[in-house]
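Visitor: A structural model of the following input is requested.
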Amino acid sequence: MSNLQRIPATVITGFLGAGKTSMIRHLLQTANGRRLALIINEFGDMGVDGNILKACGAENCAEEDIVELANGCICCTVADDFVPTMEALLERPGGIDHIIIETSGLALPKPLLKAFNWPGIRTRITVDGVVAVVDAPAFAAGLFADDPDAVMAQRQADEALDHDSPLAELFTDQLACADMVVMNKSDLISAAETPRVTADLQAALRQSIRVVPARHGAIDADTLLGLDAAAEDDLHNRPSHHDDEDDHEHDDFESFVVTFPEIAEPEALMAKLRRAAAAHDVLRMKGFIAVKGKDMRLLVQGVGDRYQHYYDRDWGAEEDRACRLVVIGLHGLDEAAIRAIILD
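Guide: Now for the predicted structure:
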């Protein structure tokens, strides 16, 4: 069956904090009438990304258009979660024009691509493309370099990079599967650095793969959709560190949720989050905060020492005005110590 007769799906991958959710939010706002369905594979115990997207105000952000898979990495739960979800989307009244799949920052894209060859969906859906979102300043700093000498130098400079090797493999696997790479946060690297960073990133990709710079994930739907890659039929050109393994594990990562009453000073909380991230192996924190005297919910998200916060929408009448943060990091997180810093 030709791709024109199948519903296209776009897989959006990228490391934690790269800006996938911001990019998808902009994509939804520039869909230009496309009937989109969105699958979000959230890593952690609460669907922060889903709530962000449902609050975006675009016509494609209706609750019925967004499905959250929060039972683990999407590429580890293909049979239990992903395939049944795709089959259900295919039976939606009114049909859909395009499926957007946001993988967790921990997901390997290749096992997910293989799932598109399952009997129930292989004749009805094609992978229009895999879009990898890269954090430009992180890449510029060499955080995912495969050069052992460079990795060793980083380890000597920062003990938090002791576990960088598995993260580097995950990063290179995502790049190897990409049909387009979005170099997000490009405004956070200097004009002098940009050509070098772009060239280094291009060198890590297959030939002809396009690198697109972006600020705040602002890439329109017309750019991201319509790549017509049929990636599920091109697996042999997408090498993975895990090609010889039957499955993979994510024991290097863990997460927990911190819940606390509404706060008075957002900036004081931001300082605590930066302090906790600097003192422990925290990769990312994100969540919703209730601020005394404010009718709107404060969205907080950050990676490393870079945190942002803004009011995204009013609290619902039935919502509990409490603060909830998910903390994601490498295995062995000192949960008690991190909680103590945040709740101090």
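
Visitor: alpha carbons only for contacts and neighbour counts from here, please
Guide: Noted.

Visitor: burial measure for residue 308, as a count.
Guide: Counted with other C-alpha atoms under 10 Å, the neighbours of residue 308 add up to 12.

Visitor: Alpha carbons of the helix or strand hosting it, in CSV - could you do that?
Guide: Element membership for residue 308 (DSSP states H and E) is strand 306-314. Only the C-alpha atoms of strand 306-314 are listed here, as CSV (Å, rounded to 0.1, in the frame of the first residue of the first chain):
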residue,chain,number,x,y,z
ARG,A,306,18.6,26.5,33.3
TYR,A,307,15.0,26.9,34.6
GLN,A,308,12.1,28.8,33.2
HIS,A,309,8.6,29.5,34.6
TYR,A,310,5.5,31.2,33.4
TYR,A,311,1.8,31.3,34.2
ASP,A,312,0.0,29.1,31.6
ARG,A,313,-3.6,29.0,32.6
ASP,A,314,-6.2,29.5,35.4
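
Visitor: helix or strand right after that strand?
Guide: Sequence-wise, the next helix or strand downstream of strand 306-314 (DSSP H and E) is strand 323-330.

Visitor: Direction included, what does that next one pair against?
Guide: Partner strands for strand 323-330, per DSSP bridges, with pairing direction: strand 253-260 (antiparallel), strand 282-289 (antiparallel).

Visitor: Give me whichever of the ones you listed is most buried.
Guide: strand 282-289 (a mean of 24; mean count of other C-alpha atoms under 10 Å).

Visitor: Who are the contact partners of residue 7?
Guide: Contacts for residue 7 were tallied using C-alpha atoms under 8 Å, 6 or more residues apart in numbering; they are 96-99, 124-126.

Visitor: Which among those count as buried?
Guide: Among these, those classed as buried by 16 or more other C-alpha atoms under 10 Å are 96, 98-99, 124-126.

Visitor: looking at this, residue 226 is in a helix?
Guide: No - assignment of residue 226 by DSSP: H, G, I helix; E, B strand; the rest coil gives coil, placing it outside any helix.

Visitor: shouldn't it be in contact with residue 126?
Guide: No - judged on C-alpha atoms under 8 Å, residue 226 makes no contact with residue 126 at a distance of 11.3 Å.

Visitor: Looking at the buried ones among the contacts of residue 7, spot the one nearest residue 290.
Guide: Closest approach between those and residue 290, by C-alpha to C-alpha: residue 99, at 32.8 Å.

Visitor: helix or strand for that closest one, which one?
Guide: Counting by DSSP H and E, residue 99 is found in strand 98-102.

Visitor: hang on, the earlier thing: can you redo the strands paired with strand 323-330 as JSON lines with distance to residue 116 and mean pLDDT?
Guide: Output for those, formatted as JSON lines (distance: least, C-alpha to C-alpha, whole Å; pLDDT from 0 to 100):
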{"stretch": "strand 253-260", "distance to residue 116": "26", "mean pLDDT": "84"}
{"stretch": "strand 282-289", "distance to residue 116": "30", "mean pLDDT": "83"}
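
Visitor: Let me have these in JSON lines, extended by distance to residue 328.
Guide: What follows is the strands paired with strand 323-330, written out as JSON lines (distance: least, C-alpha to C-alpha, whole Å):
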{"stretch": "strand 253-260", "distance to residue 328": "4"}
{"stretch": "strand 282-289", "distance to residue 328": "5"}
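
Visitor: helices or strands up against the strand of greatest length in the chain?
Guide: Secondary structure of the chain per DSSP state E: the longest strand is strand 125-135. Strand 125-135 is packed against strand 7-14, helix 164-177, strand 180-184, with contacts defined by 3 or more C-alpha pairs under 8 Å, 6 or more residues apart in numbering; DSSP states H and E.

Visitor: and it with strand 98-102, angle?
Guide: Interaxial angle, strand 125-135 versus strand 98-102 (axes from the mean of the first three to the mean of the last three C-alpha atoms, to 10 degrees): 40 degrees.

Visitor: Neighbouring strands of strand 125-135 in the sheet, and parallel or not?
Guide: Strand 125-135 has these strand partners (DSSP bridges): strand 7-14 (parallel), strand 180-184 (parallel).

Visitor: Dump stretch 212-230 to CSV, keeping only the CA atoms.
Guide: What follows is stretch 212-230, C-alpha atoms only, in CSV (Å, rounded to 0.1, in the frame of the first residue of the first chain):
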residue,chain,number,x,y,z
VAL,A,212,17.1,23.2,11.4
PRO,A,213,17.9,25.9,14.0
ALA,A,214,15.1,27.0,16.3
ARG,A,215,14.4,29.2,19.2
HIS,A,216,11.8,28.0,21.8
GLY,A,217,10.9,25.1,19.5
ALA,A,218,9.2,27.5,17.0
ILE,A,219,9.2,25.2,13.9
ASP,A,220,6.0,25.3,11.9
ALA,A,221,4.0,22.2,11.0
ASP,A,222,4.7,22.7,7.3
THR,A,223,8.4,22.2,8.0
LEU,A,224,8.1,19.3,10.4
LEU,A,225,5.4,17.3,8.6
GLY,A,226,5.4,15.9,5.1
LEU,A,227,8.9,14.4,5.1
ASP,A,228,7.6,11.2,3.5
ALA,A,229,10.5,9.1,4.9
ALA,A,230,8.6,5.8,5.4
